[in-house]
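*Asks:* structure for the following, please:
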Amino acid sequence: MVIYGSPMGDPNVHNHKRCPLIVVGGANGQLAGNLHLRAESGTPMANVMLTLLQKLGFKEKKQFGDSTGAFSLSA
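*Replies:* Numbers count the residues shown, from 1 in each chain. Below you'll find the model as predicted:
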């Protein structure tokens with residue numbers, strides 16, 4: 001799994017909302033491909049990071065940063 005993205009959606013105002021993120025690789029079969037997902041407004045990016053950590057085997061991890069829960073990786 002390789003994650004590429006930006007911590008800011010609009011660096012002119014240091015806005016960390018609506019940040020683009022690309023995840024490539026299948027995490028040893030844990031991630032499906034050919035998906036384009038969009039988080040609902042106000043979803044912390046930490047939710048995505050939490051879910052990716054869980055996919056990498058850290059199943060006991062229940063929170064990451066300011067996460068409010070897991071992010072659904074299904075379309």
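
*Asks:* what sits against the closest residue to Leu73 other than its chain neighbours?
*Replies:* Distances taken as Cβ to Cβ, 6 or more residues apart in numbering place Thr51 nearest to Leu73, at 6.3 Å, with adjacent residues excluded. Just so you know, the C-beta spots here come from the backbone N, C-alpha and C atoms, and that holds for glycine as well. By Cβ atoms under 8 Å, 6 or more residues apart in numbering, the residues touching Thr51 are Ala70, Phe71, Ser72, Leu73.

*Asks:* how near is the first one to Ser6?
*Replies:* Pointing back at Ala70 there. Going from Ala70 to Ser6 by Cβ to Cβ, to the nearest Å gives 22 Å.

*Asks:* assumed the residue nearest to Leu73 was part of a strand.
*Replies:* No - counting by DSSP: H, G, I helix; E, B strand; the rest coil, Thr51 is located in no strand; its state is helix.

*Asks:* may I see the contacts of Thr51 organised as TSV, with distance to Ile22, neighbour count and secondary structure added?
*Replies:* Below are these laid out as TSV (distance: Cβ to Cβ, whole Å; neighbours: other Cβ atoms under 10 Å; DSSP: H, G, I helix; E, B strand; the rest coil):
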residue	distance to Ile22	neighbour count	secondary structure
Ala70	19	17	coil
Phe71	15	20	coil
Ser72	18	10	coil
Leu73	14	15	coil
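
*Asks:* could you redo those residues as a markdown table and give each row pLDDT and distance to Ala27?
*Replies:* Shown next, in a markdown table, are those (pLDDT from 0 to 100; distance: Cβ to Cβ, whole Å):
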| residue | pLDDT | distance to Ala27 |
| --- | --- | --- |
| Ala70 | 95 | 15 |
| Phe71 | 94 | 14 |
| Ser72 | 94 | 16 |
| Leu73 | 91 | 10 |
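
*Asks:* got those as JSON lines, with distance to Glu60 columns?
*Replies:* As requested, the contacts of Thr51 are exported to JSON lines (distance: Cβ to Cβ, whole Å):
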{"residue": "Ala70", "distance to Glu60": "13"}
{"residue": "Phe71", "distance to Glu60": "18"}
{"residue": "Ser72", "distance to Glu60": "20"}
{"residue": "Leu73", "distance to Glu60": "19"}
